[in-house]
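Novice: pasting the structure only:
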């Protein structure tokens with residue numbers, strides 16, 4: 001890892017993903033269960049926020065703080081690209097402390113989520 005390193009990943013959420021997340025969390029808000037005029041469901045914000053956790057897992061990153069700003073709705077079937085950037089790195093004997101920024105964009109290139117996190121990689 002080094003300052004400026006960028007990791008990215010993209011995926012779209014399915015109707016089944018939204019329903020499973022609602023079942024898991026108990027968030028059955030009507031806006032997540034009633035399809036819009038195009039037959040899509042509104043994806044839970046925290047389900048969208050799971051995209052950077054996949055990248056953190058790839059780095060064996062253990063988050064201690066996370067901050068999210070939800071900017072635009074995400075709907076099932078939209079391909080969302082998440083980018084995580086290392087902005088601070090402090091090495092210690094048994095761990096590396098990292099500060100990351102994150103951004104998720106929709107197919108139009110518009111940010112739907114941005115934020116940051118602080119945590120460590122052990123070893």
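Specialist: Arrived safely, thanks for sending. These numbers were taken from a predicted model, which means no experiment stands behind them.
Novice: Tell me where the chain has strands.
Specialist: All strands of the chain, identified by DSSP state E, fall at 6-12, 61-70, 79-91, 95-105, 111-122.
Novice: Return the most buried member of those strands.
Specialist: Among the strands of the chain, strand 95-105 has the highest mean neighbour count (mean count of other C-beta atoms under 10 Å), at a mean of 20. No exception for glycine: its C-beta is placed from N, CA and C like everyone else's.
Novice: angle of that strand against strand 61-70?
Specialist: If you take axes from the mean of the first three to the mean of the last three C-alpha atoms, to 10 degrees, strand 95-105 sits at 30 degrees to strand 61-70.
Novice: Strand 95-105 pairs with which strands?
Specialist: Take DSSP bridges as the rule and strand 95-105 pairs in its sheet with strand 79-91 (antiparallel), strand 111-122 (antiparallel).
Novice: Compare those and give me the one nearest residue 67.
Specialist: Of all those, strand 111-122 sits nearest to residue 67, with 4.7 Å by C-beta to C-beta.
Novice: Other residues contacting the closest one?
Specialist: 1, 45, 48-49, 51-52, 56, 59-74, 80, 87, 94-106 (C-beta atoms under 8 Å, 6 or more residues apart in numbering).
Novice: Mean confidence (pLDDT) on the top helix by length along the chain, please.
Specialist: The longest helix of the chain (DSSP state H) is helix 15-25. The pLDDT scores in helix 15-25 average 96.
Novice: packing partners for the helix or strand of the chain with the lowest mean pLDDT?
Specialist: The helix or strand of the chain with the lowest confidence, counting by mean pLDDT, DSSP states H and E, is helix 30-33 at a mean of 90. Applying 3 or more C-beta pairs under 8 Å, 6 or more residues apart in numbering; DSSP states H and E, one finds that helix 30-33 makes contact with helix 15-25.
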